[in-house]
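# Turn this into a structure:
(one chain, ligands or ions: 2)
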Amino acid sequence: MGTVATLSAEGEEAQAAVTESIHRLQELEAMVSFEEPDSDLNRLVEAAGKDFVPLHPEIYALLAVSQEYSRQSDGAWDVTAAPLVELWGIGTAKARVPAPQEIEQAKALVGWPKLLLRSDDNSAMLTEPGMKLDLGGIMKGLAIDEARKIYERHGITRGLINLGTSSLYAVGSRADGSPWRIGLRRPEGDDPKDYWGVVNLREAALSTSGDYERFFTADGERYHHIIDPRAGYPAKTNLTAVTIVVQSGETAGMRSDLLSTLVFVMGAEAGEKFLRQLPYSVQGVLLLENGRQVVIGDLPLEMKSRP
Ligand code: ADP
Ligand code: MG
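Ligands and ions are numbered 1, 2, ... in the order given. Coordinates of the predicted model:
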């Protein structure tokens, strides 16, 4: 998943919970890895334009959630954006500004309605040859949800499941009963320990998407790694970072992960509206380019300084 996982747990079965979770993360990664010839994603790519492919139930469930949000967001969130993500190559050595014609070609292979799901046998199909999926905005969320279930089975009441700090789950609270304290990084700073605020978190998933971790600059213009699949370009958003908190629930990790990306693409106004009409309550904070912050719900946020 291109990140470093840090798991901590407290309780009699803490070691077993962490060990099992790590195995589970590796198992999940293998299901979606492009390096594994038989991974679900490679089989989907191979059968694109031809056949439905049976998937692991957890990957099917992930795609079902993903499609629901693609529909609701009118494609702002879309895991079929892979050809565009790869074309731009942001965060890799191949990052460059593609020619408009290349973008058009890639866009022809993008679009959530071209990912078909069949629930009877947990299978899926990409309707056009050349299509591909990119789960970079949701997979860490699934990993968190799965680790959380393992913690539960081992009776862990305290811990942190941290997938590279941009997505995490705070299990229970700290030993003294106080909430976990999660630092929100200053977008412009180089120092990852430079926090502008702290979220007090108890039994919830938190995810942050921003334009400052993976980007490149060409001709004075900054291109970041979150793509607007409809435009074919890095999302022209008025946001620099979005943090979303989802309280408990089996898919809390997945939803917080995808929602932070989705809201980032939508921009502050539409993103806030989207969050407010969800059938469950989310909390969060949107950082605008102009320095303003929009707090969603009763996010327990402590400001340290200006973001
Ligand atoms: P990070 O992985 O840096 O924590 P995100 O969770 O926001 O950040 O995920 C960004 C990743 O999601 C991108 O690197 C890419 O793989 C994928 N992605 C980019 N744009 C979209 C989009 N519009 N819909 C779905 N996935 C996207
Ligand atoms: Mg995300």
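# so how far is whatever helix or strand E104 lives in off the chain centroid?
E104 is part of helix 100-107 when elements are defined by DSSP states H and E. Computed by C-alpha atoms, centre = their mean, to the nearest Å, the chain-centroid distance of helix 100-107 equals 25 Å.
# Give me the buried positions along it.
102-103, 106-107 (16 or more other C-beta atoms under 10 Å). Heads up, the C-betas are built off the backbone N, CA and C, glycines and all.
# And for stretch 62-74?
Neighbour counts over stretch 62-74 (16+ other C-beta under 10 Å) mark 62-63, 65-67, 69-70, 73 as buried.
# That stretch near ligand 2 anywhere?
No. On the criterion C-beta under 5 Å from the ion, stretch 62-74 is out of touch with ligand 2, staying 11.2 Å away.
# How about the backbone phi and psi for A205?
phi -100, psi 140 (degrees, to the nearest 10).
# What is the neighbour count of it?
Residues near A205, counting by other C-beta atoms under 10 Å, number 28.
# I'd say L87 and E102 touch.
Yes. L87 lies in contact with E102 (C-beta atoms under 8 Å); the separation is 6.0 Å.
# Next, find the distance separating E146 from K273.
Using C-beta to C-beta, to the nearest Å, we find E146 at a distance of 31 Å from K273.
# Ok, E29 next?
Separation of E29 from K273 (C-beta to C-beta): 35 Å.
# could you list every residue that touches S8?
Shown in contact with S8 (C-beta atoms under 8 Å, 6 or more residues apart in numbering): 18, 159-160, 162.
# Is G253 part of a helix or strand, or is it coil?
The three-state label given to G253 by DSSP: H, G, I helix; E, B strand; the rest coil is helix.
# Report the contact partners of it.
140-145, 148, 167, 169, 205, 207, 246.
# For D121, which non-adjacent residue is closest in space?
P54 (5.8 Å; C-beta to C-beta, 6 or more residues apart in numbering).
# how many neighbours does that neighbour have?
13.
# Skip the chain neighbours and tell me the closest residue to the residue in the stretch 51-200 of the chain that ligand 2 sits nearest to.
Residue nearest to ligand 2 within the stretch 51-200 of the chain: G137 (4.1 Å; C-beta to the ion). Nearest non-adjacent residue to G137, counting by C-beta to C-beta, 6+ apart: T261, 3.9 Å away.
# any idea how far V242 is from the one you found?
Using C-beta to C-beta, we find T261 at a distance of 8 Å from V242.
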